[in-house]
Structures are given as C-alpha cells and as structure tokens.
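Asker: sequence unknown, structure follows:
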C-alpha cells in the first residue's frame, strides 16, 4: 500500500532576486495543520486518515553543488520507498535535481509547469543552475520527454529561442483557459511556482508579476489534469513577503489538491 510523502527542500541559494524560500516548507505544513483549516480536499478525500499523507520534515542539505546532488539522491530514494513524493520548496532550482533523480525510473516523464516565468535561461547572472534555468538543464539532459508551461507572462527573446529549440509548449496568460489542460500518455510531474498566481492571491513570493491566475483557476487546472501524476513540487513561497499567512494558506490548499490528484490518478485511491 502506497502513501504520499511530503518532503521539505529548504534550498534557495539559486534565487536571483531575494532569498527566503528556504524557510517555506514548515510554514506550508503548519498552515495545512492549522486549526482554521481542515484536511479534506474539494473532492472529499480525507488526508488525515492514517498513512495517506506522511510529512518527513526538511531534508538536511549542504550548500552549493553538493546540495543539488543531495536533492537528486533523495529523489532517487523516494523510488525505493515506493511512495509518491510531493516536495515543498525552496526555489525553483530544486526541480532540476528532483527530476534528474526521478528519471532513473521514468524515461518518458511529462512535466506540467505552472509559472509566471518560463525558466528557460541557459544561464542567469552567470549561473547555469539558477532557478531561472532549471528547465533548460532538464531538457538538454533528456530527463523529460515533454514540457508544458502554463501561466507564463514574462517571455523574452532569449527564452523564446530556447522554447523553440526544445519544443516547449507554452500556454501563456493571453491564451489561458482551464479547459486547455492537455491529456498525458505517460507519467506526469507537476511543478507549481506560486508566482503563477496574481499577487493579489499570493503576495508571499519573491517575484510579483501582475496579471496571473486566480487561485480558483489554478485549482481548476489541477483538477482537470488527465494523466498519472507520479510526483510534484510546490516552490517559491517566500514567507518574508507574505501578509498574515495568506500565501501559506494558499500553498497548503494547493498541496491538498495536488495530493487529491495523486490519489485519484494512482494506486493510492484504495486508501481513501
């Protein structure tokens, strides 16, 4: 019998503008456990049932490239535990080592990426492993077969060239519709950068980018995903920019709906 393992990845050394995301994982979990909330998903799944959602706390990480290797190793270990991993970041740089580790099992991984930014710089500020370069490293390494990025509204010429080069499917905000969610034939990894949301709904992010999704639209997208979700991450929550824990509660809500999608699409459904 499988379970969802929730793991904090407290790493934000690759942030290009503002640090703080390393302190996010515990605050998201605290929001989930807050007395003002409840453990039920919108489709009625009770995440408080024994063994369904297991919180492992934060990874103990070093710094620099060593941390990246440690995150990759943890991702590989999750396959041995036969659990479905849900990672709480941290900045978006964690996605590259996480997916690199998972690629040992999934050679046809699809990525559904929600973000205000395409994160397709070959390097940012001289750093090839910046949080703005994660998806280039993933695609050039062949660690995913398909990347769909939803909610983008900061595309520039440099990143458009990379999108064209790697065949990235962009659903930007001008063309956004929750009914456009694709169907996936292979395993799916969902990566949510909280700045995909309009700052009115998620002020606690380092990069405020107006004109984004509403919380309702993003939840609708998750609920509309057609495919087997094998792992996910939720990144870029910066508690030092939050207002009265609003974004923490939003992140906890999204964590619940990600868990619901995992339960719906995999072998965990018998536990609920």
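Answerer: Perfect, thanks for sending it. Keep in mind the model is a prediction, meaning the values are calculated, not measured.

Asker: Low-confidence regions, this structure specifically.
Answerer: Regions of the chain meeting the criterion pLDDT under 70 cover residues 1-2, 80-81, 266-272.

Asker: Could you pull out the helices in the stretch 101-250 of the chain for me?
Answerer: Ranges of helices in the stretch 101-250 of the chain, per DSSP state H, counting those that start in this stretch, are 134-140, 157-166, 215-224, 246-265.

Asker: Please identify which of those helices is closest to residue 3.
Answerer: helix 246-265 (9.9 Å; Cβ to Cβ). Where you see a C-beta, it was placed from the backbone N, CA and C, and this is true even at glycine.

Asker: Could you give me the buried positions within that closest one?
Answerer: 247-265 (16 or more other Cβ atoms under 10 Å).

Asker: Repeat that for stretch 14-31.
Answerer: 14-16, 20-29, 31.

Asker: Likewise for stretch 204-214?
Answerer: 204, 205, 206, 207, 209, 212, 213.

Asker: partner residues bridging the second one?
Answerer: Which is residue 205. Beta-bridge partners for residue 205, by DSSP bridges, are residue 237.

Asker: Run a quick check on it versus residue 238, I expect a contact.
Answerer: Yes. Here residue 205 lies in contact with residue 238, judged by Cβ atoms under 8 Å, at a distance of 5.6 Å.

Asker: circling back: now tabulate the buried residues of stretch 14-31 in CSV and tack on secondary structure and distance to residue 78.
Answerer: Below are the buried residues of stretch 14-31 laid out as CSV (DSSP: H, G, I helix; E, B strand; the rest coil; distance: Cβ to Cβ, whole Å):
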residue, secondary structure, distance to residue 78
14, coil, 21
15, coil, 24
16, coil, 28
20, coil, 26
21, helix, 21
22, helix, 20
23, helix, 23
24, helix, 20
25, helix, 16
26, helix, 19
27, helix, 22
28, helix, 18
29, helix, 17
31, helix, 23
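
Asker: For stretch 235-254, give me every contacting residue.
Answerer: Residues outside stretch 235-254 that contact it (Cβ atoms under 8 Å, 6 or more residues apart in numbering) are 18, 20-21, 23-24, 27-32, 34, 37, 88-92, 94-95, 131, 191-195, 197, 201-207, 215, 218-219, 222, 234.

Asker: could you redo the last one with a cut-off of 6 Å?
Answerer: Residues outside stretch 235-254 that contact it (Cβ atoms under 6 Å, 6 or more residues apart in numbering): 20-21, 23-24, 27-28, 31-32, 89-92, 193-195, 202-206, 215, 234.

Asker: Select, out of the helices of the stretch 101-250 of the chain, the one closest to residue 77.
Answerer: Nearest to residue 77 among those is helix 246-265; the distance by Cβ to Cβ comes to 18.2 Å.

Asker: what helix or strand does the nearest residue to residue 26 once chain neighbours are set aside sit in?
Answerer: Nearest residue to residue 26 in three dimensions, chain neighbours excluded: residue 8, at 6.4 Å (Cβ to Cβ, 6 or more residues apart in numbering). Element membership for residue 8, per DSSP states H and E: strand 4-9.

Asker: Please verify my assumption that residue 228 contacts residue 187.
Answerer: Yes. Assessed by Cβ atoms under 6 Å, residue 228 is found in contact with residue 187 at 5.5 Å.

Asker: higher neighbour count, those two?
Answerer: residue 187 (20 against 17; other Cβ atoms under 10 Å).
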